[in-house]
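**Student:** Give me coordinates for this.
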Amino acid sequence: MYEHLSNPGAVRRILDQYDIRFRKRFGQNFLIREDVVENIVDGAGITQRDDVIEVGPGIGTLTQVLAEHAHSVTAVEIDRDLVKVLGETLRGYDNTEVICQDILKTDLAGLVREKGEGRPVKVVANLPYYITTPILMKLLESDAGFESITVMVQKEVAERACAMPGTKAFGVLSLAVQYHAAPRIALQVPASSFMPRPNVDSAVLDLKLYREAPVRTQDPDFLFRLIKAAFGQRRKTLVNAAGSVIPGLSKEAVGEAITAEGLPLQVRGEALSLEEFARLSDRLCRIAAKNDRSSSEQ
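**Tutor:** The predicted structure is shown next:
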C-alpha cells in the first residue's frame with residue numbers, strides 16, 4: 001500500500017516518478033490536505049455498506065481513503081496516464097476498480113446495475129472546474145438510483161446550487177439541483193488546499209437525492225424550458241421571457257396565467273420558487289393544449 005497522498009511531498013514524488021504534468025484541459029488540481037480528504041469522506045457518510053463511484057480520482061488521494069471506509073470504490077478517470085499511476089497508488093486496495101472513461105459518456109445506470117447488490121451507491125468526486133455543471137447535471141439526471149452525491153466544486157457553484165429565490169446567485173442551476181436533491185454546503189475549502197493552486201476557493205457540496213421530485217408537474221421538460229427562458233435574460237419580466245417557450249402564445253395569455261397564480265404581472269423569474277414555476281408551467285401547458293385543440297377544430 002502507498003502512503004496517503006494528501007500532502008505536497010507525496011504528490012510531487014508521484015508526479016516526478018511517473019513524469020506526470022498537470023493537464024489544464026482536464027482541470028487537474030490535486031488535494032494536499034489530509035483533513036480535507038477525511039472530512040469529505042465523513043461528510044458523505046461512507047460506510048462499509050456503501051458502494052462508491054468516484055469521478056476523476058487523479059492520483060488516488062481521495063480514492064485511498066474512500067476504499068478504507070467503503071465496501072467498494074469504482075473510479076472513473078479520463079486521463080490514461082493517471083490510470084497507470086492509479087494501478088500503483090491503489091495497489092493493496094482490493095476493493096477498488098479504475099475505469100478509463102469520460103464520465104459524460106459513461107452509462108451510470110448500467111454501472112450501478114453492474115455493481116448493485118442492494119447496497120447504497122454514493123458518488124464522491126473532486127470535479128474539474130471547467131466542466132463542473134455538465135458533470136453535475138449528468139449525475140443528477142442519470143436515474144442511476146444514487147443515494148447521495150458529494151462533490152468538491154468551485155465555491156461559487158456550490159453557492160448557486162443552494163441559492164434561494166430573490167438572491168443574486170439564484171438561477172437555473174439552483175432550480176435544477178433542487179428539483180433532484182436537497183443541497184447543502186458541507187465544507188469550505190481554500191485554494192491553498194490544492195496543487196497546483198487554483199485561482200478560486202472551493203466548497204464541498206453534499207446532495208441527498210429525492211426518490212420523488214419535491215414538486216409535481218405534468219411536463220418536466222416544459223418546466224425547465226420555462227425556467228431557462230426566464231433566466232435567459234434575467235432583467236426581462238417573466239411575461240416577456242415566457243413567450244419564447246410556447247410559439248404563438250400571446251403576452252396577454254401569459255400575463256393572465258401569471259396573475260392567476262397570484263403573482264405580479266411584472267415579476268421576474270429570479271423571484272419564483274420551484275413550486276411556483278411548476279404551477280405556472282402546468283397552467284401554461286393547459287393553455288397551450290387548449291389552443292392546439294381549438295386550432296385543430298377549425
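**Student:** Domain map for this structure?
**Tutor:** Split into domains by automatic domain parsing, the chain comes to 8-209, 220-297.
**Student:** Mind telling me which of those the model trusts least?
**Tutor:** When the domains of the chain are ranked by mean pLDDT, domain 220-297 comes last with a mean of 87.
**Student:** What is the distance between it and the centre of its chain?
**Tutor:** 26 Å (C-alpha atoms, centre = their mean, to the nearest Å).
**Student:** which of the domains of the chain is buried the deepest?
**Tutor:** Most buried of these, by mean neighbour count (mean count of other C-beta atoms under 10 Å): domain 8-209, with a mean of 18. Every residue, glycine included, has its C-beta placed from N, CA and C.
**Student:** correct me, but D102 touches I78?
**Tutor:** Yes. Between D102 and I78 there is a contact under C-beta atoms under 8 Å: 5.1 Å.
**Student:** start to end distance for stretch 70-84?
**Tutor:** 23 Å (C-alpha to C-alpha, to the nearest Å).
**Student:** do the same with stretch 196-208
**Tutor:** Stretch 196-208 has an end-to-end distance of 30 Å (C-alpha to C-alpha).
**Student:** Give me the contacts around it.
**Tutor:** Contacts with stretch 196-208, where a contact means C-beta atoms under 8 Å, 6 or more residues apart in numbering, come from 22, 29, 39-40, 43-44, 129, 140, 147-159, 161-162, 177, 180-191, 193-194.
**Student:** 6 Å - rerun?
**Tutor:** 22, 29, 40, 43, 148-155, 158, 161, 181-191 (C-beta atoms under 6 Å, 6 or more residues apart in numbering).
**Student:** Just the ones in strands from those residues, please.
**Tutor:** Among these, the members found in strands (DSSP state E) are 148-154, 181-189.
**Student:** So which residues of this structure form helices?
**Tutor:** Taking DSSP state H, the helices of the chain run over residues 8-17, 34-43, 61-69, 80-89, 108-115, 132-140, 155-162, 172-180, 220-232, 238-241, 251-260, 274-297.
**Student:** Touching the last one from outside, list them.
**Tutor:** So the one you mean is helix 274-297. 175, 178, 215, 217-219, 222-223, 226-227, 246, 253, 257, 261.
**Student:** let's go with 8 Å and repeat that
**Tutor:** Applying C-beta under 8 Å, 6+ apart, the contact partners of helix 274-297 are 175, 178-179, 214-219, 222-223, 226-227, 230, 238, 242, 245-246, 248-249, 253-254, 257-258, 260-261, 263, 269, 272.
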